[in-house]
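Visitor: Okay, sequence plus prediction incoming.
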Amino acid sequence: MNFLRNQWYVACWSHEVPQDDFLGRTIANLPLLLMRTAKGDISVLEDRCCHRHAPLTLGRREGDCVRCMYHGLLFNTEGRCVEVPGQRVVPAALHVRSFPAIERDNWIWVWLGDPALARPDSLPDTASLDHPDWSYVPGYSHWDLDQRLVIDNLVDFTHLSYVHRRTLGGTEAMAQIRPSVTRINNGVQIEWWLIDVPPAPMHQRIRQFKGNIDRWFRYNFTLPGVLTMSSGTQDTGTGAQEGIYNETLIETRSCQAIMPETAASSHYFYASPHNLPDPDKAIAQSIAVTVQEAFAEDYQMIRAQQDRIEAGSGAPMLALPFDTALVMMRRMIEQRLAEEAEYFRTHGQPRPKAVAQ
């Protein structure tokens with residue numbers, strides 16, 4: 001399976017990278033070592049010594065350098081070998097690949113392709129993950145699932161009516177509605193409105209609605225697998241669709257990143273920030289518990305789906321009208337893979353650079 005390279009990937013939450021140690025994580029089949037310098041900056045190297053390919057995460061921190069504990073080569077934060085035991089001259093070719101990295105809004109992003117194309121302004125807006133008015137509990141799951149099937153799940157919320165009827169759904173009304181779907185630069189933009197429907201169980205745990213609600217989801221899903229969403233609920237008929245909000249409003253800013261580890265496994269980073277008064281984070285904890293329950297429901301369904309696919313009947317999956325966003329994303333991924341294949345054919349694959357002595 002091929003993966004997109006000229007993209008920003010979420011590698012971890014900021015708190016996962018310790019100050020004096022390493023974090024090892026595989027993204028899109030690339031083993032990575034993440035570490036912090038003494039100043040707190042993030043350095044990302046390929047987790048593979050250029051000598052005998054031993055994992056550098058089995059190495060030792062020495063200041064801002066990492067020493068391979070197989071034969072003792074010492075590498076700096078740029079991946080350059082600065083010391084070979086018993087050898088005065090260090091060959092310029094001794095270099096491991098380093099990756100552009102950005103720490104923003106409590107996520108660490110890594111660019112896996114051509115460094116010349118790594119533009120920070122192309123990152124999606126996840127500001128609610130680092131804003132004092134928005135409270136949340138960070139989440140992470142490791143799933144033994146093909147990332148593409150999880151993307152299918154995230155761009156089509158029709159499944160909320162059935163998979164999440166006891167958590168996030170609460171009504172089958174969503175399956176009757178077709179969202180607006182627009183293609184954007186690096187993904188799709190989707191908007192759903194549910195008018196005069198019963199509140200979902202999650203909403204009732206936060207605020208006891210006395211009747212039906214109006215409910216909405218506005219979200220972007222962008223490559224390589226990031227969902228940023230504004231969603232809300234409010235008493236029905238009180239003006240939410242016209243932008244008029246009142247004291248019954250519950251608003252969240254969901255940020256989710258489903259990143260491929262291998263062809264058969266994925267990393268799932270997620271949070272659902274809200275802006276209600278929540279000094280002891282009780283609401284944030286309640287939302288987090290419900291989201292974890294809902295994602296367990298997703299996992300159970302997608303795992304069963306993947307089992308059937310892997311059984312190999314050979315039958316195609318048939319498209320329906322509400323698959324618009326799903327089909328759009330699948331086609332976009334295939335198009336970008338073809339474009340990247342041509343780009344790297346003409347520009348060459350990213351490799352460690354020899355460093356002049």
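Guide: Cool, the structure landed. Numbering: from 1, shown residues only.
Visitor: Only C-alpha atoms from now on, for both contacts and neighbour counts.
Guide: Noted.
Visitor: Just the CA atoms of stretch 296-314, as CSV, please.
Guide: Below are the C-alpha coordinates for stretch 296-314, written out as CSV (Å, rounded to 0.1, in the frame of the first residue of the first chain):
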residue,chain,number,x,y,z
ALA,A,296,-15.5,1.8,20.5
GLU,A,297,-18.8,1.4,18.5
ASP,A,298,-17.0,2.6,15.4
TYR,A,299,-14.1,0.2,16.0
GLN,A,300,-16.4,-2.8,16.4
MET,A,301,-18.2,-2.1,13.2
ILE,A,302,-15.2,-1.2,11.1
ARG,A,303,-13.2,-4.2,12.5
ALA,A,304,-16.1,-6.5,11.4
GLN,A,305,-16.2,-4.8,8.0
GLN,A,306,-12.5,-5.2,7.5
ASP,A,307,-12.7,-8.9,8.5
ARG,A,308,-15.2,-9.4,5.7
ILE,A,309,-13.1,-7.5,3.2
GLU,A,310,-10.0,-9.5,4.1
ALA,A,311,-12.0,-12.8,3.7
GLY,A,312,-11.8,-11.9,0.0
SER,A,313,-15.2,-12.5,-1.6
GLY,A,314,-14.1,-10.2,-4.4
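Visitor: List the buried residues in it.
Guide: Buried positions in stretch 296-314, judged by neighbour count with 16 or more other Cα atoms under 10 Å: Glu297, Asp298, Tyr299, Ile302, Arg303.
Visitor: what are the ranges of the strands in the stretch 201-350 of the chain?
Guide: Using DSSP state E, counting those that start in this stretch, the strands of the stretch 201-350 of the chain run over 213-222, 226-235, 250-262, 265-271.
Visitor: could I get those as a markdown table with mean pLDDT?
Guide: Listed next are these as a markdown table, based on pLDDT from 0 to 100:
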| stretch | mean pLDDT |
| --- | --- |
| strand 213-222 | 96 |
| strand 226-235 | 96 |
| strand 250-262 | 97 |
| strand 265-271 | 98 |
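Visitor: which ones among the buried residues of stretch 296-314 are found in helices?
Guide: Among these, the ones falling in helices (DSSP state H) are Glu297, Asp298, Tyr299, Ile302, Arg303.
Visitor: wait, the second one sits on Tyr162?
Guide: No - Asp298 sits out of contact with Tyr162 when judged by Cα atoms under 8 Å, with a separation of 10.6 Å.
Visitor: coming back round to it: quick one: which of the buried residues of stretch 296-314 is nearest to Cys12?
Guide: Nearest to Cys12 among the buried residues of stretch 296-314, counting by Cα to Cα, is Tyr299 at 20.2 Å.
Visitor: do you know how far that closest one is from Tyr70?
Guide: Remark: distance between Tyr299 and Tyr70 (Cα to Cα, to the nearest Å) = 39 Å.
Visitor: Same check on Ala319?
Guide: Taken as Cα to Cα, the span from Ala319 to Tyr70 is 52 Å.
Visitor: quick one, which of those two is more surrounded?
Guide: Each of Ala319 and Tyr70 has its neighbours counted (other Cα atoms under 10 Å); Tyr70 has more, 15 against 10.
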